[in-house]
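**Student:** Build me a structure from this.
(2 chains)
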Amino acid sequence: MLELINITKRFADFCLEEVTFSVGEGDYFILLGESGAGKSMVLETIAGLITPDSGTVSLDGQDITPFKIQHRKIGLVFQDHAVFPHLTVAENIVYSLHGNALTKDEKQEKVISIANELGIKELLNRKPGTLSGGELQRVALGRTLVQQPTVLLLDEPLSSLDTRLKGDLRRLLRAIHRKGQTILHVTHDYEEALSLATKIAVIHQGRIIQSGTPAEVFLHPKSEFVAHFIGVKNFFEAKLLTTNQVSYAFTHNNFQVRIVTDIPDGDGFILIRGEDIFLSNQPVETSAANTFKGIVIEIVPNKTGVDVAIDAGIELHALITRESLEKLDLVAGKTCWMHCKATAVRFISK
Amino acid sequence: MKNRISSIQLVFVMLGSLVLLFILAPLTGMFLNTTPGQVFETARESEVRNSIWLTIYTSFAGTLIFSLAAIPLAYLLARKKFPMKKLVTGIIDLPVVIPHSAAGIALLGFVSRESALGKIGSAVGLNFVGHPAGIAIAMAFVSIPYLINASRDGFAGVPVRLEKAALTLGASPYRVFFTVSMPLAWRNILSGLILMFARGMSEFGAVIVVAYHPMITPVLIYERFGAFGLKYARPVSVLFILISLALFIVLRWLAKEKTSEMAK
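**Tutor:** So this is what the prediction gives:
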C-alpha cells in the first residue's frame, strides 16, 4: 500500500499542503484536479523527484521518503512520455533493466513480452521521432512496466490523445490493472476518472479536498469546487429553513426549493443533478415536490444526452435523452415545466 | 514572380561582400605569392613537420584532458542554480577577453618551477616551461571557454524531464549523465571540442611566453618572419593553413556523420 501522510512542499508561488491519502494494493486510484492544482507535484514527490518539506511517503509500511529515486520501486509515466529520442524503442525499454541480474537473452525476452502485451512489437527497432502520440505513450508505459513497479504512476496519460486512441489506451490501462497492478493516475478529466477509478481523490490548490469511491465523490461532492469540477451545474448558495419539519432552501433571489434533510437550518449549498430533473410541456401531477415553470435558454448536446438550460428564476440544467428532446419538441424560447423530487435535492452546509 | 531586391538588402550585400573580401584578400594574397613548389619544399623540412605535429598533438591533448573537467562544469552551469553563478560564467569567459600574451605571463607564474604546480611537476621530472605539457596548458587556457559555452548550451537544450525519467527508471545520476544528457548534448559538445582544438592550434601569444621551444607552428612562423622576412614565413603559413583546414573539414564531417547517425 502506498501512503502519503501530511506531505507539504512550499515553492515560491505554490505549495502542497498536508497532502494525505492512501492507495491500496490493486487499487486504480485517480487524483482528480484542475491544471495547476499540484497533481504532477504529488506524483513527482512519490517518485522522489521532489523532496517534501515535511510529511512521509511510505510503501508497504516502509518510509521511502529518504530513499533515492532509483530505489523506490515506483514507476512514473510522464505526461509528455519522456521517451529517449536517441534510443530505439527496444533500447528505451531495455534501459530500465540495466543493473538487473538478467542475461542479455532474458532481457530481450522481457522486452518482446512487454512489447507484445502493449502491441508495439513491430516498433521495437524504430526511433521515437517516427512514432505517433499513442505509440509513444505505449512505449513509455512498456519502459516503466518492464521494471515491475510496485505502484505505477501515470501523469495525465490520455491528455494528448485523440478520442479513438483514448479509448484504446483506457482498455489497455484496465487490462494492466486487472492483472493486479496498483495504479495512481492523475487527470483533470472527471469522465476519465469515472471510467477507470476504483478510488478517487480531488485535489485543489495543493490540498486534497475529498476522497472516496467514485460514487461517494460524484454523488456527494463535499464542496462547491468539487461539484462544479465534476460537472454538476445545478449548484447554488442557499439558506435552509425548516418549519414544521418541512424544509425549503432559498437561493439569493428567493427561489424556493423543497428539500428533505435533517441538516440544521443555516447557510449552505443546494445541489440538483441534471439527471434528476425531468421536463414536460404542461403542468402535470407527479409525486415530485418541486415543479418550476421556465423558459428554455439553450440546448447543448453532450456525450450522455442533451443538456437543457432553463431560466426558472435561477438557471437550471436538465439532462435528458435526445428522444425526449424530440418528443417534447423543445427549442430555445419555449416554455416548459421542470419537476424534481425533494429527496433529489441535496443540501450541503457551509 | 520575380524576386525584387530592396535597397536595404543591396546595401547589406555590399557591406557583407566587403567583410568577405577583408577576410579572403590577405589569405588569397598569401596563397598567390606562394608557389606549390615552395610549399612542397617547406613540407620536407623536418623542423616544419615536427612543429606542425607538435601543434596538433598538444592542442588535441589539451582539449581532451581539460574536457574531462570542462564538460561536467558546463553541465553544472546549464542545470544548477548556485550563488555567484554569473561571476563563475564571467570567469570562464576571461581567457577570451584578456590579451593572450598577458595570459602567457600569468600562466608562466602558475607553471614555473617555483610555483606549487611546477614543484609537483618537478617531483615527477616534468618541467612545464619549454615542454609540450606547458604548451598544452597554454593552449587549453585560452580555448577552454569555447568548449564550456558550447557544451553548456547543449546541456541546456536537453529536456530535464528526460533526465528525471531516466532516474525513475532506476538509473543512477552518473548513468543518466552518460546515457541521456551527454548523448543528447553531443552535437554541441563535439562542436565545442572542435572549436577548442582549433583555437588551441592557432594560439601564439600565451604559448610563446610559456614555451618558445619546442616550437609550435605559429611560433615557427613568427621566428621565420623575424629572422628571414615575409618570403620565408609565407610557405609555412600556407602549409599550416592547408593542414588546419583539411583537419577541420575532416573533423566536421566526422562530427556530422556521428550526430546524424544518432538522430536516425
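**Student:** B:L251 contacts B:I194, correct?
**Tutor:** Yes - B:L251 is within contact range of B:I194, at 5.1 Å (criterion: CB atoms under 8 Å). No exception for glycine: its C-beta is placed from N, CA and C like everyone else's.
**Student:** low pLDDT regions in the stretch 1-150 of chain B?
**Tutor:** Along the stretch 1-150 of chain B, segments meeting pLDDT under 70 span B:1-3.
**Student:** residues making contact with the helix or strand containing A:M41?
**Tutor:** Assessed by DSSP states H and E, A:M41 sits inside helix A:39-47. Contact partners of helix A:39-47, identified using CB atoms under 8 Å, 6 or more residues apart in numbering or on different chains, comprise A:2, A:4, A:7, A:9, A:14, A:16, A:19, A:31, A:33, A:50-52, A:57, A:69, A:72, A:74, A:76, A:79, A:151, A:153, A:155-156, A:184, A:186-188, A:203, A:206, B:164, B:168.
**Student:** go on, stretch B:112-123?
**Tutor:** With CB under 8 Å, 6+ apart as the test, stretch B:112-123 has contacts from B:109-111, B:127-129, B:133.
**Student:** list the buried ones in stretch B:243-254?
**Tutor:** Using 16 or more other CB atoms under 10 Å in any protein chain shown as the test for burial, stretch B:243-254 gives B:243-244, B:247, B:251.
**Student:** and the end-to-end length of stretch A:284-295?
**Tutor:** Stretch A:284-295 has an end-to-end distance of 17 Å (CA to CA, to the nearest Å).
**Student:** follow-up on the earlier one: would you list the contacts of stretch B:112-123 in JSON lines and tack on neighbour count?
**Tutor:** Shown next, in JSON lines, are the contacts of stretch B:112-123 (neighbours: other CB atoms under 10 Å in any protein chain shown):
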{"residue": "B:G109", "neighbour count": "10"}
{"residue": "B:F110", "neighbour count": "15"}
{"residue": "B:V111", "neighbour count": "23"}
{"residue": "B:N127", "neighbour count": "14"}
{"residue": "B:F128", "neighbour count": "26"}
{"residue": "B:V129", "neighbour count": "18"}
{"residue": "B:A133", "neighbour count": "20"}
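**Student:** How are the helices of the chain distributed by residue range?
**Tutor:** Just going to use chain A. A:39-47, A:89-95, A:104-118, A:133-145, A:163-178, A:190-196, A:214-219, A:224-229, A:322-328 (DSSP state H).
**Student:** nope, chain B please
**Tutor:** B:7-32, B:36-43, B:46-79, B:85-97, B:100-111, B:116-123, B:132-156, B:160-168, B:173-176, B:182-201, B:205-210, B:217-228, B:230-263.
**Student:** what packs against the second one?
**Tutor:** This means helix B:36-43. Judged by 3 or more CB pairs under 8 Å, 6 or more residues apart in numbering or on different chains; DSSP states H and E, helix B:36-43 is in contact with helix B:230-263.
**Student:** Tell me how far the helix it packs on lies from the chain's centre.
**Tutor:** Offset of helix B:230-263 from its chain centre (CA atoms, centre = their mean, to the nearest Å): 12 Å.
**Student:** residue contacts, the residue of the stretch 101-250 of chain B found nearest chain A?
**Tutor:** Closest to chain A within the stretch 101-250 of chain B is B:A165: 3.7 Å, counting by CB to the nearest CB. Listed by CB under 8 Å, 6+ apart, the contact set of B:A165 reads A:76, A:78, A:82-84.
**Student:** Can you check the pLDDT for it?
**Tutor:** Model confidence at B:A165, given as pLDDT, is 94.
**Student:** what does A:P85 give?
**Tutor:** On the pLDDT scale, A:P85 gets 96.
**Student:** Just the pLDDT for the nearest residue to it once chain neighbours are set aside.
**Tutor:** Here the nearest residue to A:P85 in space, its sequence neighbours aside, is A:P128; by CB to CB, 6 or more residues apart in numbering or on different chains that works out to 5.1 Å. If you check A:P128, the pLDDT there is 95.
**Student:** quick one: contacts for A:P128?
**Tutor:** A:81, A:83-85, A:87, A:89, A:92, A:136, A:139.
**Student:** Closest one of those to B:F177?
**Tutor:** Nearest to B:F177 among the contacts of A:P128 is A:F84, at 13.6 Å by CB to CB.
**Student:** any idea how far B:G157 is from that closest one?
**Tutor:** From A:F84 over to B:G157 the distance is 15 Å, taken as CB to CB, to the nearest Å.
**Student:** out of those two, which sits in the more crowded spot?
**Tutor:** A count of neighbours by other CB atoms under 10 Å in any protein chain shown puts A:F84 above the other of A:F84 and B:G157, at 23 against 12.
**Student:** what sits against the closest residue to the more buried one other than its chain neighbours?
**Tutor:** Closest residue in space to A:F84, ignoring its immediate chain neighbours: A:N92 at 5.4 Å, by CB to CB, 6+ apart. Applying CB under 8 Å, 6+ apart to A:N92 gives the contacts A:83-84, A:128, A:139, A:143.
**Student:** and of these, the nearest to B:L68?
**Tutor:** Closest approach to B:L68 among the contacts of A:N92 (CB to CB): A:F84, at 24.5 Å.
**Student:** Thought B:E163 was touching the closest one, still the case?
**Tutor:** No - if you go by CB under 8 Å, A:F84 and B:E163 don't touch, sitting 10.1 Å apart.
**Student:** ok so, going back, for the buried residues of stretch B:243-254, give me CSV that also has pLDDT and distance to A:N234.
**Tutor:** Output for the buried residues of stretch B:243-254, formatted as CSV (pLDDT from 0 to 100; distance: CB to CB, whole Å):
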residue, pLDDT, distance to A:N234
B:I243, 94, 83
B:S244, 93, 79
B:L247, 90, 77
B:L251, 88, 71
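**Student:** Would you mind listing the two of the residues you listed that lie farthest apart?
**Tutor:** Largest separation among the buried residues of stretch B:243-254 by CB to CB: B:I243 and B:L251, giving 12.4 Å.
**Student:** rewinding a little: who wins for most neighbours among the contacts of B:A165?
**Tutor:** For the contacts of B:A165, counting by other CB under 10 Å, the largest number of neighbours falls to A:L76: 28 neighbours.
**Student:** Next one: that residue from chain B, what distance?
**Tutor:** For A:L76, the distance to chain B equals 4 Å [CB to the nearest CB, to the nearest Å].
**Student:** residue contacts, the one residue sitting closest to the centre of chain B?
**Tutor:** Nearest to the geometric centre of chain B sits B:M196, at 2.3 Å (CA atoms, centre = their mean). With contact set as CB under 8 Å, 6+ apart, B:M196 has these partners: B:63, B:66-67, B:140, B:143-144, B:146-147.
**Student:** ditto for A:G133
**Tutor:** A:G133 touches A:81, A:160-161, A:165, counting by CB under 8 Å, 6+ apart.
**Student:** what residues does chain B put near chain A?
**Tutor:** Selection of chain B residues close to chain A by CB under 8 Å from any CB of the partner chain yields B:159, B:161-162, B:164-172, B:175, B:179-180, B:183-184, B:262-264.
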